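Peer 1: next input, structure requested:
(one chain, ligands or ions: 1)
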Amino acid sequence: MEYLSLIQSRFSVRNFSGRTVREDDLREILSAGRLAPTAKNFQPQRIYVLKSPEALSKVRSITKSAYNAPIVLMVCSEDASAWVNPITGRNSGQMDASIVTTHMMLRATDLGLGSVWVCWVDTEALKRAFMLPEGIEPYCLLPLGYPADDCTPNPRHYERKPLEETVFER
Ligand SMILES: Cc1cc2nc3c(=O)[nH]c(=O)nc-3n(C[C@H](O)[C@H](O)[C@H](O)COP(=O)(O)O)c2cc1C
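Peer 2: As a prediction, the model looks like this:
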């Protein structure tokens, strides 16, 4: 898809069809995440693919925002492996994980899949439920699947602030 129509056509999908996601599509989406830039190219992202019935039922018991997606990507960072800005002391893990997620989200749209970025989740509960190794921090979930036939954008999707409210010259 051409880039502008890709970003214009993406919206948060919260109702998925029962269709199984093709393994090739999943691999393409994960590979798009791999191409994302990360601070100093340290690549601290760690992505857990939740797709077994057990994993899906666990994640759905932790957050309503997993919806009925057939796959949920749990995007984490091993923050100890991420770059730390020596001036601010800020760890780049969350930023890196976000860029990786954006790459995957847009590739999903490109392939005709839908997704929704999810942060409304108890990350400590995720760590316990999926027995994440020490130091692995979940930053967001990306429920993924083919949109249901009657899936339409939430009205909020059409609300965008004018550039003047968010862009400044100095
Ligand atoms: C950081 C972040 C966190 C979000 N968390 C959730 C969430 O927990 N549950 C949910 O249904 N949507 C969540 N969303 C989706 C936003 O509500 C949605 O992107 C926004 O309303 C704009 O709509 P659109 O994605 O359809 O354009 C999140 C989006 C972002 C970027």
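Peer 1: where is the longest helix in this structure?
Peer 2: When the chain is parsed with DSSP state H, its longest helix is helix 93-110.
Peer 1: what helices and strands are in contact with it?
Peer 2: helix 3-9, helix 23-34, strand 45-50, strand 71-78, strand 114-115, strand 136-145 (3 or more CB pairs under 8 Å, 6 or more residues apart in numbering; DSSP states H and E). (C-beta placed from N, C-alpha, C; glycine too.)
Peer 1: what does the protein have sitting close to the ligand?
Peer 2: 11-12, 14, 65, 116-120, 153-154, 156-157 (CB under 6 Å from any ligand atom).
Peer 1: tabulate those (a markdown table), appending pLDDT, secondary structure and neighbour count.
Peer 2: Below are the residues of the chain next to the ligand laid out as a markdown table (pLDDT from 0 to 100; DSSP: H, G, I helix; E, B strand; the rest coil; neighbours: other CB atoms under 10 Å):
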| residue | pLDDT | secondary structure | neighbour count |
| --- | --- | --- | --- |
| 11 | 98 | coil | 18 |
| 12 | 98 | strand | 17 |
| 14 | 98 | coil | 20 |
| 65 | 98 | helix | 18 |
| 116 | 98 | coil | 20 |
| 117 | 98 | coil | 15 |
| 118 | 98 | strand | 24 |
| 119 | 98 | coil | 11 |
| 120 | 97 | coil | 9 |
| 153 | 97 | coil | 13 |
| 154 | 97 | coil | 12 |
| 156 | 96 | helix | 9 |
| 157 | 98 | helix | 11 |
